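[1] next input, structure requested:
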Amino acid sequence: MGSLEEERLVQMVRDFIESESSPPTTFTASSNCLSINQVKYFTLQEILGMVTEVEAEVLATVLKHMRSKNDVEKTTGEKLWLVRRLKMDGFNASLCQTSWVTSLGCPAGDYEYIEITLEDENGDTIRLIVDLDFRSQFELARPTPFYKELTDTLPLFFVGSEDKLNKIISLLCSAAKQSLKERGLHLPPWRTSTYMQSKWLSKCCKATDAIVYSSRENREAKNGYSSLWSPPMVKPKRKGFGWWFACVVSSLAWA
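    Next up, the predicted model:
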């Protein structure tokens, strides 16, 4: 990777973070609520600001492809398109489809996201979740000003671990409940932490290789559709991603 490309990726991550950052918040509630809201707001900022080297590299790669893509079908088509390109870059990426049945207080549902697995220097597996429409999953129809500020802080593209995601879900679902309570409304089942966790962390998860979809689509091409190509197999990356990515991490600290 040339120095020019390195600088472009670093700047891309920096620009994304700056564009996703909400303006300084203003708290207008009572002194007690002021303290609670401040804690929630800055806790969320801290969670989002703890970006590992591998998360930063994956985010830079996702941004590079999403900004260069042409018209791609939304939802599944868009995710498969990105999975193929992540594989071209050496990432062990797959499309994950979760589903869950109705349980106490949690209606049935399904969801799709991208999963990337890597190995660290010790050979341990690192699992990252990539979501291309993260912020909207937490939005409410009639939010309080404070809850709106929280959701505005969330990134459009999420790249992070299960632990980071769990912390965000816990904080946002608690804030959503308080927001709806202030509006005289009850928390709907599809905004509970159990339902939200099921989207990305359900044990009933089917991981599908994009090449499988490409093979099926190529067969369908015989019926008049354009032939789609499958990316070549590339050895999965390890955590040692090169010296240049230290630049990205350092830029995250002050962006």
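[2] what comes up buried for the longest strand anywhere in the chain?
    As assigned by DSSP state E, the longest strand anywhere in the chain is strand 109-119. Of all the residues in strand 109-119, those buried under the rule 16 or more other C-beta atoms under 10 Å are G109, Y111, E112, Y113, I114, E115, I116, L118. From N, CA and C alone the C-beta is placed, and that goes for glycine too.
[3] pretty sure the fifth one contacts V130?
    Read it as I114. Yes. Using C-beta atoms under 8 Å, I114 makes contact with V130 at a distance of 3.9 Å.
[4] any shared contact partners between the two?
    L82, A93 (C-beta atoms under 8 Å, 6 or more residues apart in numbering).
[5] avg pLDDT for stretch 121-129?
    Averaging pLDDT along stretch 121-129 gives 89.
[6] before we move on, back to that, between the helix or strand that the longest strand of the chain is followed by and strand 109-119, how many degrees?
    The helix or strand immediately downstream of strand 109-119 is strand 125-131, counting by DSSP states H and E. With axes from the mean of the first three to the mean of the last three C-alpha atoms, to 10 degrees as the criterion, the two stretches strand 125-131 and strand 109-119 enclose an angle of 140 degrees.
[7] other SSEs contacting the helix or strand following strand 125-131?
    Beyond strand 125-131 in the direction of the C-terminus, DSSP H and E gives the next helix or strand as helix 145-153. Contact partners of helix 145-153 among helices and strands, from 3 or more C-beta pairs under 8 Å, 6 or more residues apart in numbering; DSSP states H and E: helix 31-49, helix 162-182.
[8] now do helix 145-153 against helix 162-182, angle only.
    Using the same axes, to 10 degrees, helix 145-153 lies at 150 degrees relative to helix 162-182.
[9] using CSV, write out every CA atom in helix 145-153.
    Presented in CSV, the C-alpha positions along helix 145-153 are these (Å, rounded to 0.1, in the frame of the first residue of the first chain):
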residue,chain,number,x,y,z
PRO,A,145,-34.3,16.2,22.8
PHE,A,146,-31.8,14.3,24.9
TYR,A,147,-32.5,10.9,23.3
LYS,A,148,-32.2,12.6,19.9
GLU,A,149,-28.8,13.8,20.9
LEU,A,150,-27.8,10.3,21.9
THR,A,151,-28.9,8.7,18.7
ASP,A,152,-27.2,11.5,16.7
THR,A,153,-24.0,10.5,18.4
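[10] and that helix, which residues are buried?
    The neighbour-count criterion (16+ other C-beta under 10 Å) identifies F146, Y147, E149, L150, T151, T153 as the buried residues of helix 145-153.
[11] any chance of JSON lines for these, columns pLDDT?
    Output for the buried residues of helix 145-153, formatted as JSON lines (pLDDT from 0 to 100):
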{"residue": "F146", "pLDDT": "94"}
{"residue": "Y147", "pLDDT": "96"}
{"residue": "E149", "pLDDT": "95"}
{"residue": "L150", "pLDDT": "96"}
{"residue": "T151", "pLDDT": "97"}
{"residue": "T153", "pLDDT": "96"}
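[12] now tabulate these in a markdown table and tack on distance to E46.
    Compiled in a markdown table, these are given as follows (distance: C-beta to C-beta, whole Å):
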| residue | distance to E46 |
| --- | --- |
| F146 | 17 |
| Y147 | 18 |
| E149 | 15 |
| L150 | 13 |
| T151 | 17 |
| T153 | 11 |
